[in-house]
Every structure is written in structure tokens, then in C-alpha cells.
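K.L.:
Need coordinates for the below:
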Amino acid sequence: MNTPIRFALAKGRLEKQCRALLTRIGYNCAALEDPGRRLLHTLPHRDPGRAPLEAVLAKAPDVITYLSRGVCGIAVAGKDTIMEQGGPFYELLDLKLGQFRFALAAPAGSDFFEGAEHRRVATKYPCVARRALAAQGIDAEIIRIEGSCELAPLLGLSDAILDIVETGDTLRENGLVILKDLMPLSARLIVNVAAYKLRRKEIDLLVEDLKGVIDNANDR
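P.N.:
Below is the predicted model:
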């Protein structure tokens, strides 16, 4: 029997979207439909000659840790997490899932760009924020927030926030407006460097199958 390729996957909406993709390319993902409390699940391929996947259900911030440490060979992670954490891996494919954007936002009517020289920006992504703001020529103090960034300017902790945005509804409901869209984001397939050397043929075949499904969907 083929040795499974261990595959780290964030629990939640992204996992469900990935499950649909994997099902379309021949993997039996029934185990993920009602996983219960189990965190490891074998996903066989309809072709018995293809290696199964062993899905590892993890929290999003841990996915890259498992991959970088070599306990998982491949993973799906958001571009936001990839940019914030980095690591010894290759980014192989844009899955076109979970499409968001990084944006700089502030209270409506604020003078963030024209105001005081000392600006404060709250964010869950301090590494990304430093690079993005520097690229815009903005010098700001970065304040790391683990919860809802929208609270920071409301409480006077920061002048603006840098966060991922989908519809912008949460910003508007809290009196914030987007000052600048910084970069688009989506989920990516990434692979551990050592795993890619050892199992490149199998992983490339997986990437080829996924790319075919994604391209067909985008052509509709």
C-alpha cells in the first residue's frame, strides 16, 4: 500500500472548500464530512495506484508550523499566514479559495495620512504591516492585536488598523472606512522542502490535478 502524504489543513470554511476540490480530483473525503473529535483522517484516491492523503486538521496558525517542522509534507494556508510566518517551504499553487485582501482602515473622517507624525496601527499581522506600511512610505508604531482589530481605534488605542477584509461589512458597522487596499490574498498549496525532494512526482501530480479543476472553474 502507498504511504500516505500527510496534509495539514485549517479547520473551518477553508477545509470545506478544500474538501470539495479534493473530491473533484478523486479523493474520498467522506471522513471529513463528520470528523467528530478526530484530527487525523485518511483520504484514499479512487485510483489504487495513487498515494492517499492523511489529512491533519489544525488551527490556521499551526499549519505552517507542522509543515516547516517536517511532520506534514503539504499544506493549505492563507497567503496572509504565509506572509506573516514564512518558513522553509515552497508555494506551489494559488487555489483561488478564501479570496480576501489586506487593507488599511481608519475611522471615517480621520486624517491618518495628514495628521500627527506618530501614527499607530493595530494588526494581527505585525510583520506584514511593517513591510506594507514601509512600502507606502508610512512610518507607524505597530500594535499587535489578537482579537478584533476594529476595537483598537474605537477605544483610542490606534489611529488605524491593517487587517484582512472580504466584504468590508464589519468595518462599516464599526464606523471604519478603507483608506487603502494593499494586496489581494487567497489560499495557497505549500510543500515542505524535504518532502518535495522525496515525493516530487506524487506531489506534482496532485498539483496538476488541482490546477486543472481550478482552471476549468475559472473558465466558466
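
K.L.:
I'd like the distance between residue 70 and residue 205.
P.N.:
21 Å (C-beta to C-beta, to the nearest Å). (Each C-beta comes from the backbone N, C-alpha and C, glycine too.)

K.L.:
Same question for residue 30.
P.N.:
From residue 30 over to residue 205 the distance is 22 Å, taken as C-beta to C-beta.

K.L.:
The longest strand anywhere in the chain: partners in the sheet, and parallel or antiparallel?
P.N.:
In the chain, taking DSSP state E as the definition, the longest strand is strand 176-185. The pairing partners recorded for strand 176-185 under DSSP bridges are strand 100-107 (antiparallel).

K.L.:
Report the buried residues of the partner strand.
P.N.:
By 16 or more other C-beta atoms under 10 Å, the buried positions in strand 100-107 come out as 100, 101, 102, 103, 104, 105, 106.

K.L.:
what's the closest residue to the last one other than its chain neighbours in contact with, if anything?
P.N.:
Nearest in space to residue 106, with sequence neighbours left out and distances taken as C-beta to C-beta, 6 or more residues apart in numbering, is residue 160 at 3.9 Å. Counting by C-beta atoms under 8 Å, 6 or more residues apart in numbering, residue 160 touches 104, 105, 106, 110, 112, 119, 120, 121, 122, 140, 153, 179.

K.L.:
filter those residues to the buried ones?
P.N.:
Looks like the contacts of residue 160 have 104, 105, 106, 110, 112, 119, 120, 121, 122, 140, 153, 179 buried, using 16+ other C-beta under 10 Å.

K.L.:
picking that back up, let me know the closest of the contacts of residue 160 to residue 66.
P.N.:
Lowest distance from residue 66 to the contacts of residue 160 (C-beta to C-beta) belongs to residue 122, with 28.3 Å.

K.L.:
for that closest one, which residues make a bridge with it?
P.N.:
With DSSP bridges applied, residue 122 shows beta-bridge pairing to residue 143, residue 161.

K.L.:
thinking residue 57 is in contact with residue 11, fair?
P.N.:
Yes. In this structure, residue 57 is within contact of residue 11 by C-beta atoms under 8 Å, at 5.0 Å.

K.L.:
Can you pick out the residue with more neighbours from these two?
P.N.:
residue 57 (18 against 15; other C-beta atoms under 10 Å).

K.L.:
Now do the same for that one: helix, strand or coil?
P.N.:
With DSSP: H, G, I helix; E, B strand; the rest coil as the basis, residue 57 sits in strand.

K.L.:
Please name the nearest non-neighbouring residue to the most centrally placed residue in the chain.
P.N.:
For the chain, the residue nearest the mean C-alpha position is residue 78 (1.0 Å; C-alpha atoms, centre = their mean). Leaving aside its chain neighbours, residue 78 sits nearest to residue 187 (5.5 Å; criterion: C-beta to C-beta, 6+ apart).

K.L.:
Per-residue confidence, the one you found, what does it come out as?
P.N.:
Residue 187 is assigned a predicted lDDT (pLDDT) of 93.

K.L.:
Tell me the spacing between the residue nearest to residue 149 when sequence neighbours are not counted and residue 168.
P.N.:
Leaving out its chain neighbours, the residue that sits closest to residue 149 by C-beta to C-beta, 6+ apart is residue 161, at 4.1 Å. Plainly put, residue 161 is 12 Å away from residue 168 if you go by C-beta to C-beta.
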